[in-house]
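Participant: below are the sequence and a predicted model for it; my questions follow.
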Amino acid sequence: MPADDPETVARAVCLRMLTARARSRAELATALSRRGIPADTAERVLSRFGEVGLIDDRAFAEAFVVSRRSTQGLARRALSAQLQQRGVDPAMASQALQGLDERAEEAAARSLVARRLAGTAGLEPVARARRLVGMLARKGYPPALSYRVVQEALAAIGEEWESLDPSPDVETDWWAPG
């Protein structure tokens with residue numbers, strides 16, 4: 001087979017990408033499209049890779065959730081968005097996210113705040129709260145949970161910041177990450 005045969009090129013591209021890290025079928029399809037591989041050839045190669053187990057979106061989604069949750073502390077909402085960006089079927093993404101419960105999400109938020117609390121030590125209480133709540137917001141945690149976790153963490157170290165008084169159910173100007 002000649003080296004510029006579209007099927008050979010498609011297999012090489014997929015193998016190279018899968019060697020670096022696991023990929024979703026949609027990520028591989030996008031890469032093949034960018035390389036100018038005809039759609040029917042790409043489909044044939046991707047189907048074969050799926051048959052032999054080199055592409056498995058369900059396994060990819062489950063591994064992705066575990067990895068990103070443990071390394072980056074991402075919440076369910078952020079994980080769902082990232083899986084969607086990678087082209088994982090919403091039903092598969094939902095199934096991969098099923099193992100995450102609210103208690104685990106709250107524990108992860110508390111852990112993130114505890115790790116970042118010392119880095120905000122010299123700031124005013126309001127600025128400190130903004131930074132911590134903003135960090136949780138960027139990681140996909142819900143506003144009510146973020147506010148409560150930060151409020152409890154600051155109260156535990158004796159910080160007074162009742163002047164904020166936002167309702168944890170309503171996003172306010174101070175909620176914006178920053």
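Facilitator: That came in fine, so what should we check first?

Participant: now the helices for this structure?
Facilitator: Counting by DSSP state H, one finds helices in the chain at the ranges 6-20, 25-34, 39-51, 57-72, 76-85, 90-97, 102-117, 125-138, 143-156.

Participant: any chance of those in TSV with mean pLDDT and mean neighbour count as columns?
Facilitator: Bear in mind the C-beta positions are built from the backbone N, C-alpha and C, glycine included. Converted to TSV, those look like this (pLDDT from 0 to 100; neighbours: other C-beta atoms under 10 Å):
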stretch	mean pLDDT	mean neighbour count
helix 6-20	95	15
helix 25-34	96	18
helix 39-51	96	15
helix 57-72	92	17
helix 76-85	94	17
helix 90-97	93	16
helix 102-117	91	16
helix 125-138	92	19
helix 143-156	92	18
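
Participant: once you drop chain neighbours, what's closest to residue 96?
Facilitator: residue 61 (3.7 Å; C-beta to C-beta, 6 or more residues apart in numbering).

Participant: I figured that neighbour was touching residue 99, is that so?
Facilitator: No. Counting by C-beta atoms under 8 Å, residue 99 is not a contact partner of residue 61; they are 11.1 Å apart.

Participant: domain map for this protein?
Facilitator: Listed by automatic domain parsing, the domain ranges of the chain are 6-51, 57-97, 102-175.

Participant: contacts only, for residue 89.
Facilitator: residue 57 (C-beta atoms under 8 Å, 6 or more residues apart in numbering).

Participant: phi and psi next, for it.
Facilitator: phi -50, psi 130 (degrees, to the nearest 10).

Participant: just the pLDDT at it, thanks.
Facilitator: According to the prediction, residue 89 has pLDDT 94.

Participant: find the centremost residue of the protein, please.
Facilitator: residue 79 (3.3 Å; C-alpha atoms, centre = their mean).

Participant: ok, now how distant is the nearest residue to it once chain neighbours are set aside from residue 109?
Facilitator: Computed as C-beta to C-beta, 6+ apart, the closest residue to residue 79 that is not its neighbour in sequence is residue 65, at 5.4 Å. From residue 65 across to residue 109, the span is 16 Å (C-beta to C-beta, to the nearest Å).

Participant: residue 72 reaches residue 139, doesn't it?
Facilitator: Yes. Look at residue 72 against residue 139 with C-beta under 8 Å: they come within range, at 7.0 Å.

Participant: next up, the contacts around the residue nearest to residue 96.
Facilitator: 24, 83, 88, 92-93, 95-96.

Participant: ditto for residue 120
Facilitator: Applying C-beta under 8 Å, 6+ apart, the residues near residue 120 are 127-128, 131-132.

Participant: now residue 76
Facilitator: By C-beta under 8 Å, 6+ apart, the neighbours of residue 76 are 97, 100, 105, 140.
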